[in-house]
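Enquirer: Dropping a prediction and its sequence here:
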Amino acid sequence: MERGKRYHTIERQTDNRFLNLYHINAIDREGKDFDYYFASRNDESHIKIRTGALEPEGIVIYAATEEESPRLVLIRQYRYPVGDYIYELPAGLIDAGETAGEAAGREMKEETGLDFTEYTGGRPFYRRPFFMGQGFTDETSAAVFGTVTGAPSDAYMEASEDIEVLFADRKKIEEILAAERVSLRGAYLMMQFLHSDGPFGFLD
């Protein structure tokens, strides 16, 4: 059996402009058929099981303040699937025609009101797309690194978003990681901040 071809057919089950459910008439490693379902932001011709592409749908933004002792920009956001607030790093989707850096600047402004300047130093592989929740979605996301200036504002936030902006030093990050609900990619980037020599030292 081909490594990448373990299915007979794929059918879209829903019709939503943001996210859709797909059914795979899949084949297990013993050659038996079974049902598999996954979610995707891509249309039927662009789901990754068909294209093999690795273009990111979204970005997560690792942003530090421009201070002698930099702090990391975190958000505490209400997430409907969890029914509670979660600590995260700012993030969002890449619009058509945008670079990851351009998307980061736009999303940072929309979610926090802060102005973002991309940091492009360090090794490029830290910025390549990686899969998220690969058991149930084909979504990939890339990290963008940089600094912020300005003051937090909710003036650009959508009504469906409920976000509190925090500037967290190492002590605050340790407290959050020890006791709060945190997104996984946010947690790993917070850990990098804790152990890095300077906010971007781990990228070298």
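Expert: That came through fine.
Enquirer: When you work out contacts or count neighbours from here on, use the C-alpha atoms and nothing else.
Expert: OK.
Enquirer: Bridging across strands, which residues link to the nearest residue to residue 72 once chain neighbours are set aside?
Expert: Excluding the flanking residues, the one nearest residue 72 by Cα to Cα, 6 or more residues apart in numbering is residue 64, at 4.5 Å. Beta bridges link residue 64 to residue 72, residue 147 when assigned by DSSP bridges.
Enquirer: Likewise for residue 11?
Expert: Residues in a beta bridge with residue 11, per DSSP bridges, are residue 23.
Enquirer: residues in contact with it?
Expert: 22, 23, 24 (Cα atoms under 8 Å, 6 or more residues apart in numbering).
Enquirer: Relative to residue 147, which of these is nearest.
Expert: residue 22 (38.4 Å; Cα to Cα).
Enquirer: Report the contact partners of the nearest residue to that closest one once chain neighbours are set aside.
Expert: Using Cα to Cα, 6+ apart and skipping the chain neighbours, the partner closest in space to residue 22 is residue 12 (4.4 Å). Applying Cα under 8 Å, 6+ apart to residue 12 gives the contacts 20, 21, 22, 23, 44.
Enquirer: My reading is that the second one lies in a strand. Confirm?
Expert: Yes. The assignment for residue 21 by DSSP: H, G, I helix; E, B strand; the rest coil puts it in a strand.
Enquirer: Grab the most central residue of this structure for me.
Expert: residue 60 (4.2 Å; Cα atoms, centre = their mean).
Enquirer: So what sits opposite it in the bridge?
Expert: Beta bridges link residue 60 to residue 91, residue 143 when assigned by DSSP bridges.
Enquirer: Quick one: low-confidence residue ranges for this structure.
Expert: Within the chain, the segments meeting pLDDT under 70 span 1-4.
Enquirer: Where does residue 77 sit, in terms of helix or strand?
Expert: When secondary structure is defined by DSSP states H and E, residue 77 falls within strand 72-79.
Enquirer: quick one, strands of this protein?
Expert: Ranges of strands in the chain, per DSSP state E, are 7-12, 20-27, 33-40, 58-65, 72-79, 84-88, 91-93, 115-118, 130-131, 140-149, 163-168.
Enquirer: how far off strand 84-88 does the fourth one point, in degrees?
Expert: Going back to what we said before, that points to strand 58-65. 70 degrees (axes from the mean of the first three to the mean of the last three Cα atoms, to 10 degrees).
Enquirer: can you check the third one too?
Expert: Here strand 33-40 runs at an angle of 80 degrees relative to strand 84-88 (the same axes, to 10 degrees).
Enquirer: ok, and for stretch 160-175, which residues are buried?
Expert: For stretch 160-175, the neighbour count (16 or more other Cα atoms under 10 Å) marks 163, 164, 165, 166, 167, 168, 169, 170, 173 as buried.
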